[in-house]
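**Student:** Any chance you can model this:
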Amino acid sequence: MERRVVTTGMGVISPIGIGKEPFWQSLVEGRSGIRRLTRFDPTGYDCQIAGEIPDDSYKDFIEPKRLRRMTHLAQLAVAGAQMALADAGLGPSWANPHAVGVILGTAGGSFKESLEQQSILLEKGVGRINPFLTMAALHINSISAEVAINAKTQGPAFTVTGGCASSLYSIGIASDMIRSGTLDMCISGGVESPLSPLLIAGLCRIQELATMNESPQQASRPFDQGHNGLVPSEGSCIFMLEERMHAERRGARIYGEILGYALGCEAYETLGLEPTGESAAYTLREALSRARLTPTEIEWINAHGSSCPNWDRKETRILKKVLGEAAYSIPISATKSMSGHAFGAAASFQIASALLAMQYSLLPPTINLDTPDSECDLDYVPHHARPLAPQTCLINSFAYGGLNSFLLLRKG
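**Tutor:** Just a heads-up that it's a prediction; the model follows:
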């Protein structure tokens, strides 16, 4: 019998809410979480705004002693995983801990702590650095290890990075390991803590960030003619993935099923986009084939929608190339318009919003879409949430280096 993969728990720590209910309420009400940066003084930066987590309440999920030894990235990962486990009614006692894995995705790692510890080293010498933070900041797999230690899982625990598509990569790999029988359950998703001076400066230098510093809540504008760059954000979105029969035997609530995914690379340029869209179109067709869906069976799309003009236009071209006339009748939401772009965690937030939309029969809007870009002519659910009960959803996620990834969900 074919093994199927479902989601039974989620933990959300985002700029628009900590916990799935506050996150969902902000989405359907169209509330932006973008504000002026406070992680550091952004004066002099082209982009001075970001999506910051509103408070530190998520730290209550972590023992104080361990908290002091963790990077911000690890704190977000452990707290998000704890929330997902509680939501799924699981852990930390497992019938077979070797059949439970941890596979997380992140793009940037722990920039903030790396820079801080380097400054301490240069100014005060070797004896003054924090060995715990130093090793954790340099060891990207520490976030998965910390989650495994906290949850007492003993299956594979590792971190993958595929740029801004990292969390889709992690969830896809986790679902493969469950389908193959390697795992019965997996804690998987994305986490990102990118709001460091160096990373923001670098993105400003390549003109990838929005510059509407006086109107931060209007700055993320996917598919709008005023889109001029992404708005960086931080957060964690972690899921409990399970083999379906395993979940049903224990009476778990099932949010949705992962039908299939596909990953690809344009092999074109590090920052540039392959102009024809054929490579990305091939990958999307592969995802549809593996999910055993036709274009007309897709009922909703949660877009990458980064608010970068070239990327928004690319996404629209790909959808029209693969879906044909169906592209014009499928509603599309770009939730980064509210939460900003959490890089390696971004696809996880998209998946969470999709699972909740299917549960509540309501599509989140794309806010700030006042006048669509002339090349972005699809139905992007502007301004207000829309009543609809989708049974299937397509998740799009792209990354620098020409990475294209797609995942398809069905309501549980």
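
**Student:** any chance you could read off phi and psi for G251?
**Tutor:** Taking degrees, to the nearest 10, you get phi 70, psi 30 for the backbone angles of G251.

**Student:** my bad, should have said A399
**Tutor:** Dihedral pair for A399: phi -150, psi 160, per degrees, to the nearest 10.

**Student:** With G51 instead?
**Tutor:** Per degrees, to the nearest 10, the backbone of G51 is at phi -100, psi 100.

**Student:** what separates it from M212, distance-wise?
**Tutor:** The gap separating G51 from M212 is 14 Å, by Cβ to Cβ, to the nearest Å. Quick note: C-beta positions are derived from backbone N, CA and C, even for glycine.

**Student:** Give me the more crowded residue out of those two.
**Tutor:** Neighbour tally, G51 and M212, criterion other Cβ atoms under 10 Å: the higher count belongs to G51, 27 against 20.

**Student:** what bridges to that one?
**Tutor:** On the basis of DSSP bridges, G51 is bridged to I34, S233.

**Student:** Touching, it and Q217? I think so.
**Tutor:** No - counting by Cβ atoms under 8 Å, G51 does not reach Q217; the two are 10.4 Å apart.

**Student:** Please state the offset of stretch 11-28 from the chain centre?
**Tutor:** Centroid separation for stretch 11-28 versus its chain: 13 Å, with Cα atoms, centre = their mean, to the nearest Å.

**Student:** typed the wrong thing, it's stretch 89-99
**Tutor:** Chain-centre distance of stretch 89-99: 25 Å, with Cα atoms, centre = their mean.

**Student:** Then stretch 347-354?
**Tutor:** 6 Å.

**Student:** can you offset everything so residue one is 611?
**Tutor:** With the count now opening at 611, the last piece we talked about shows up as stretch 957-964.

**Student:** Let me see the mean pLDDT of that stretch.
**Tutor:** Stretch 957-964 shows a mean pLDDT of 98 in the predicted model.

**Student:** ditto for stretch 857-869
**Tutor:** 98.

**Student:** Does A784 touch V710 like I think?
**Tutor:** No - contact criterion Cβ under 8 Å: A784 and V710 do not qualify, at 10.9 Å.

**Student:** Which neighbours do those two have in common?
**Tutor:** Jointly contacting A784 and V710 under the rule Cβ atoms under 8 Å, 6 or more residues apart in numbering are L793, C796.

**Student:** Convert the C-alpha atoms of the helix or strand S636 falls within to CSV, please.
**Tutor:** Assigned by DSSP states H and E, S636 belongs to helix 630-639. The C-alpha trace of helix 630-639 is given here as CSV (Å, rounded to 0.1, in the frame of the first residue of the first chain):
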residue,chain,number,x,y,z
LYS,A,630,-1.2,29.7,14.2
GLU,A,631,-4.4,31.6,15.3
PRO,A,632,-2.8,35.1,15.5
PHE,A,633,-0.9,34.4,12.2
TRP,A,634,-4.1,33.4,10.5
GLN,A,635,-6.1,36.3,11.9
SER,A,636,-3.6,38.8,10.6
LEU,A,637,-3.6,37.1,7.1
VAL,A,638,-7.4,37.2,6.6
GLU,A,639,-7.6,40.8,8.0
